[in-house]
Each structure stands twice: as structure tokens, then as C-alpha cells.
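Colleague: coords below, sequence missing:
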């Protein structure tokens, strides 16, 4: 087990998981001395009937003070203020966030305002500006991927002033995360695939990048194993409750792993492709993951090789000679993408040129690749990547991952 | 991989481990809104200079610290009351426990008092009776622990406490504090750790989160204990062992104590032996027994015990046997590395054979997990003879 010169690890979120975990929320709130939660969610989640499932699971045990199901797809300062007003008006005493990343971000922003009794969110931005516990926050993820139910970060955008505020504090961690298989049962195959690959990228980069530690490693290995066994299966068979719960566990484990070890170039380029072309984060992760592993191979191939055990299983690991294991892992990740492509009726893209929006229009035109490469240069996540990348390197990775060709190893500059 | 139908997991501990970890303490206290910590340690640790390292870490930080370096091996309620007065009169707002065992018990119990009132303490004895967070408690462990430091457990006099609020908020594992100890002390905490982690990993409450902590703990003990016993100068090994103690404490706090834990304690208490030694002797015998019982997950244990390669090349039907064999080999290696100090049977530990029946009955009486006196006796008899 690797023991680095120095590391930190922390995940103070209580995890309640199961096929009927939602029913435990009233007790969890009572334990936190709260009884009147406000539910924060978005239209998509409400439209899928998930808020109804949550409310009917908890309504006998608590008074639901308010339901705000109109969080925008991008967390927005105005919305945060409006929800804080609603919370105060309805005299709520806690928050239940039901949804994905932006719902979690919004709920965390609301929590800062109401707990600090503040009007100016900006005052609390940055690292460790919060000094005391906030109001009880329960997170219920509705995808199995982002891991934001266990992260200490929130991003809120001020669309009027074109500002992006980031908040980092252990006090932003939800008190409880509830993983219930019912929350992901209706997830369409393409979203199941992309979010699952997001979780895989978290765990793989946590294990293979520079800030790894023994506890993040243990969480990452467990996550990768669960994803290897379940992701393709649940994408093919969305009603597989056990597979859904296993994926929810995997996403949380991966979230804990990466938020305690940081990530690398897969995220660097993924962030850029997301911000330049609006490609969903999970899709970027799925496409870029094999390229990140290929690019760093000369630095961390021994770590990538180890991942054959959790990803491919003990038999594949034993049957593959040591020197071929890292390549086998990369081949397996590509294979998973192919399987997901097929299981989602072609909706899960394998390369950037395959990414289309709702109208079927290509989202990443080839001429945008230089801009993506340029944007990547200023992303902080590169710091923890084993090998350096300059503009040309980023562009090379983007071009090959656009085409769907493997990287030419001889072109990788070894620093 | 095993994914249970339902589980809960909670670990409030933040771990900072490695070079100059203590230097982060002023910052860490600030994030917990604490400005004046009260340090509790033992005379032994103060004498060997460990407190000086703590004082140095606060130099230039502007933080005032108070130090009590007289925690005895068996603290009593009278001491807690004295410490409460010192804490209150000194205007402290947080606790730092430096060391292991009784020092940490003292700090945990004192934390109940200073977060409320000293007369509250007895009221909270028992399981999950503390209902709100206590003051920030930092643990700076040494190698002289018992394996319980990071856990939800504390005891004083005849009272025992169990609450997640007793777990330290922050554990700072700094190599300068992990000075070497005698063989018995080193082995005791690490064998408690191994037992706890193995029972979490194989027990009926197994889940992927407690498994992650248990996995790290088991790997660290298996990779480092024999070499540290053989050569206590192995600083990296000592550091890994304390990391294991911490991880296992977190895992163990999320699980009902298993049979090796309970029987090991019962034998230790009855015969004035270290719990760790007894648990370590009993563990493989109990696993052998549990192999045929429902609800246990023994084959997968081979993975943290031996690593990917051995696990992958061992056929499915051989995994249990292999795992238990590795634990017996481990006992042998420890016996040899300690030149016979870490014995492999209860007989060699000088447990009188005629006491086994009584120990079995007592342990079964205490049990809430349904193992009866007959089964306990059978296991004890096997462990008495040894492999």
C-alpha cells in the first residue's frame, strides 16, 4: 500500500444507502435536530417523478416546508437568493437537495446565506472562509456519477456580472448523502453511461495521478471494481435495482477518492471541452479517459496496470502478463465505451466527432479544438497530472480523441 | 464485488499524515474555529520530548496552548473533574490528545464534560447517548496506542462510552511522534487493528465504505508489522502501522464488534494479557469456524491479506484455506521476529486450560451477536492448543 510523504483525507458525510434508504431521512433529520426541510431540485428531476418518490417516503416523518424544483441547469446567484428568501419565509430548518451537480451547488449556496444570515454570498467565497457548521443538508444524488454528494466544493455563477464564485470548505459537505436505487432507475441509457464513466474517470485519475494516498486508493479500487461489474449491465438493463445501487455506491466512492487526491489531464481537457463547446462533463470524461492513461503511461504505467485487477476482474488480471496489463486497461476502457455506445443505441459518443446536441448538430466542430487546447492551459487540475502538457500536446490529444484514433506514443514528449 | 442491500456509514475523522504534519495544526484549529487548545499527554511521552515537538509546531502561530502532561495509565473521574476545572479556568476551546490508550480516553471523556458539564458524564455512558457534536478533539497518535484511539469508544473506571461524537475530528500522524516502542506494545495495537479490520471486512455488516478503511488497515499491517517487530528502526513501517490503527478505528466504529474482538477481550481481561495478543491468537481459529456460517465473507479476505497477485492466482475454492493459512503463517513470522515474545497459542500465553469454560460463558453472556458459549469454548480450545 502506497504511503506518500504527506497526505490528507477526510469525508465527514454520513452515507445511508439501500433500496429503501429514503425512508430513513426523517430519522436522519431528527438526529440533526431538524424537522422542516426545504426540498431543492430541478424540473428534470421533478418531471421524472423523483420528488414524488422522495416526498411520499418522508412525509409521515417530517413537515416539508417548501419544494423549490426550479433550479437552473447552471447554478445561478439569483436563484440562490430567491431560494434563501423562500426558506426564510417558510421557516424551514434544513435542506434536502435532490439532483445532480448544479442542484447540489445551489443548495450549498443557499445554505451559506441562510446559515450565516447573510445577503452577500461573495463574502464567503474562496477556501476556508466558512468557520462554523451550516444548517443540516441532505444530498440525494439522482445520477450515479458526479460524486458532488460527497464534495466540499460549490460553484455559483453570477450571470449578471459574469462571475463564477467558488466555495471550498468542509462545512459545505452535506451532513448526509442518501443513495437510493429508486433515484436512478429511470435514468436513460446515454446518461447512465456518461455519468458512470464520469465516476470511472474520478476513480482512475485518483489512483493514477500525483496526489494519491492509501485511503483514496482504497476507495478508488472499490469504485472501479463496482463500475467494471455493473456499468455496462445497468446501461443494458436500466431496471436492474442491484446494479443501480452498486453504481450509486461506486459514484460516491469515486467522489470521495478524487476529492481527497485531486485529478489530472482527463479533467483538465474535459473542463475545457465543456466550457468551450458545452459537451456534458461525463461525455468528456468517457472520451478522454483512455487518452489520459496513454499519455501518462511512461510515468504511471505501473499504476494503470494494477487497475486491471478491479476493472477486468481477477481472472483477466491473472491471464494477462504483467507487461501487458496497462495496455489491457486502456483497451478495456475503450471496450466499455464501445459497449455503452451499443447499449445506448448509439447515443453514448466514443469520440468527440460523435458528440451531437438534441437537434443532432455536431457539438465539437474540428476547428474548435485549438480553442479547447488553449483553454486547458489555464486549468489548475493539470498540476496533479504525472506528465506535463503544453499547447501542442493538448491539441494532439484533442485531435486524436476527436478522430477516435489511439495516441501515437512516440509523439509524447517525455519530461 | 459485494454490494449490500442497505448500509450506513459515518466517519467524521480527518486524517493528516506525513512529514511535518503537526505544523498544519494552527491552521486546522482555525478551520474548526478553535484558538486555544488544551493538550493532554502522559509523563512518559512528555519525558521523551514529544510535547516539545507540539510546542514547536505552534511557535510563531500566535496560538496559546495549555499542557497537562500527567495523564496516568488508569485515569479516574476525579482526574476528569480536575482537568475540567483547568480547562474552564484556562479559557480553552479545544483538546489535543498526544499519545495512546488512557491519554485518549481521558481526552474523550473530558470532551464530554467540557462540551456540557462534568456531572453529565455518567449519564452518557452507554451506546449512542451523546446527541450533539462535542468540542474539537485532535488526536496526535504514537505507536503506544491500543488500536481504539480513532474509534467511537472510550472508557473510564467502569464506565464505557460509544458515540460517533467521541471520534477525533482530526488525526495528525507525524513521523516525529512515532518513536519506537517495545515489541509487546507495538504488536498489541497492530493486532487489535488487524482483528478489527478483518472482522469488518468479513462480517455481516460489510459495506464498500467500511471495507475501504479496513482494506487499507489490513494491507498496512500485513506489509509492515513483521518488519517493524524485527527491526524497530523501520520508521516508514512504524508510520504505516499508525495509519493502519487510524483506518481500522474508523472502520470498526461502523460495525458491531465481532467474535475475535469479544473473545480476545474476555481472555485478556481474565488473564491480564494484552487484548491484541489474545485477538491475534484467536483470529484465524474464529475465521475457520465462520467459514461454514451464513453471513460471513471469508474468501474475499485473501485480497487485503495477500494482494492482487496471490488473490488472482488462487482458485476460488482455495481462497478461504489460503487466507487462513496466511494468518497462521503471519503468527509464525511474528513469533520468530519477536524471538518468541508474540506467542501463537493461548497455552503459550499461559492461559490456564481450566479457565476456558468460564471465559467462554462470560464472553457469550456479553454478546449481542448470537454466538453461544459452546461455540466460544470450542474456538478457545483450538486456540489454546494453537495450530
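Modeller: Received, thanks. Here the structure is a predicted model, which is why all the values come from computation and not from measurement. Numbering: from 1, shown residues only, chains lettered A, B, ... in the order given.
Colleague: Up against chain B, what does the stretch 201-350 of chain A have?
Modeller: Contacts of the stretch 201-350 of chain A with chain B, taken as CB under 8 Å from any CB of the partner chain, map to A:213-215, A:217-219, A:221-222, A:225-226, A:229, A:242, A:245-246, A:249, A:252-253, A:256, A:306, A:309, A:314-315, A:317-318. In this view, the C-beta of every residue, glycine as well, is placed from N, C-alpha and C.
Colleague: Out of those, name the ones that lie in helices.
Modeller: A:214-215, A:217-219, A:221-222, A:225-226, A:229, A:242, A:245-246, A:249, A:252-253, A:256, A:306, A:309, A:314-315, A:317-318 (DSSP state H).
Colleague: ok, back up a step: could I have the buried ones of the residues of the stretch 201-350 of chain A next to chain B as PyMOL selection syntax?
Modeller: Buried residues within these, by 16 or more other CB atoms under 10 Å in any protein chain shown, are selected in PyMOL with:
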select buried, chain A and resi 213+214+215+217+218+219+221+222+225+226+229+245+246+249+252+253+256+306+309+314+317+318
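Colleague: Tell me, please, the helix or strand in chain B that averages the lowest pLDDT.
Modeller: helix B:356-366 (a mean of 87; mean pLDDT, DSSP states H and E).
Colleague: Beyond that one, next helix or strand please.
Modeller: Downstream of helix B:356-366, the first helix or strand assigned by DSSP states H and E is helix B:373-385.
Colleague: Off-centre distance for that following helix?
Modeller: 24 Å (CA atoms, centre = their mean, to the nearest Å).
Colleague: Please list the residues outside it that contact it.
Modeller: Residues outside helix B:373-385 that contact it (CB atoms under 8 Å, 6 or more residues apart in numbering or on different chains): B:259, B:263, B:267, B:281-282, B:285-286, B:288-289, B:345-347, B:351, B:353, B:356-357, B:359-361, B:363-365.
Colleague: avg pLDDT for the top helix by length along chain B?
Modeller: Under DSSP H, the helix in chain B containing the largest number of residues is helix B:208-230. Mean per-residue pLDDT for helix B:208-230: 98.
Colleague: Kindly report the residues of the stretch 1-150 of chain B close to chain A.
Modeller: B:1, B:3-21, B:30-31, B:33, B:131-133.
Colleague: Out of those residues, which end up buried?
Modeller: Buried members of the residues of the stretch 1-150 of chain B next to chain A, scored by 16+ other CB under 10 Å, are B:1, B:3-4, B:7-18, B:21, B:31.
Colleague: Can you point out the helix or strand that includes residue B:1?
Modeller: Residue-wise, residue B:1 maps onto no helix or strand under DSSP H and E.
Colleague: How about residue B:16?
Modeller: Here residue B:16, judged by DSSP H and E, is contained in strand B:14-18.
Colleague: How about residue B:38?
Modeller: Residue-wise, residue B:38 maps onto strand B:37-40 under DSSP H and E.
Colleague: Just checking: what are the partner strands of that strand?
Modeller: Using DSSP bridges, the strands paired with strand B:37-40 are strand B:66-68 (parallel), strand B:94-98 (parallel).
Colleague: tell me the mean pLDDT for it?
Modeller: pLDDT averaged over strand B:37-40 gives 98.
Colleague: Show me the contact partners of it.
Modeller: B:29, B:51, B:54, B:63, B:65-69, B:71, B:83, B:86-87, B:90, B:92-98, B:103, B:106-107, B:110, B:136, B:138.
Colleague: now the helices for the stretch 1-150 of chain B?
Modeller: Remark: helices assigned in the stretch 1-150 of chain B by DSSP state H, counting those that start in this stretch are B:25-31, B:43-47, B:50-58, B:77-90, B:102-114.
Colleague: So which of the ones you listed has the densest surroundings on average?
Modeller: Counting by mean count of other CB atoms under 10 Å in any protein chain shown, helix B:102-114 has the highest mean neighbour count of those, with a mean of 26.
Colleague: what number of residues lie near residue 124?
Modeller: Because you didn't say which chain, this covers chain A. For residue A:124, the count of nearby residues is 21 (other CB atoms under 10 Å in any protein chain shown).
Colleague: I was after chain B.
Modeller: For residue B:124, using other CB under 10 Å, the count is 20.
Colleague: okay, it: pLDDT?
Modeller: Model confidence at residue B:124, expressed as pLDDT, equals 95.
Colleague: Find me the pLDDT at the residue lying closest to it once chain neighbours are set aside, would you?
Modeller: Excluding the flanking residues, the one nearest residue B:124 by CB to CB, 6 or more residues apart in numbering or on different chains is residue B:130, at 5.1 Å. Looking at residue B:130, its pLDDT reads 93.
Colleague: Can you list phi and psi of the residue nearest the centre of chain B for me?
Modeller: Centroid-nearest residue in chain B: residue B:147, 1.8 Å away (criterion: CA atoms, centre = their mean). Per-residue torsions, residue B:147: phi 90, psi 0 (degrees, to the nearest 10).
Colleague: With the one 4 residues further on instead?
Modeller: With angles defined as degrees, to the nearest 10, residue B:151 shows backbone torsions of phi -90, psi 180.
Colleague: Can you report how many residues neighbour the nearest residue to it once chain neighbours are set aside?
Modeller: Take residue B:151 and drop its neighbours on the chain: the residue closest to it by CB to CB, 6+ apart is residue B:249, 4.0 Å away. Counted with other CB under 10 Å, the burial measure for residue B:249 works out to 31 neighbours.
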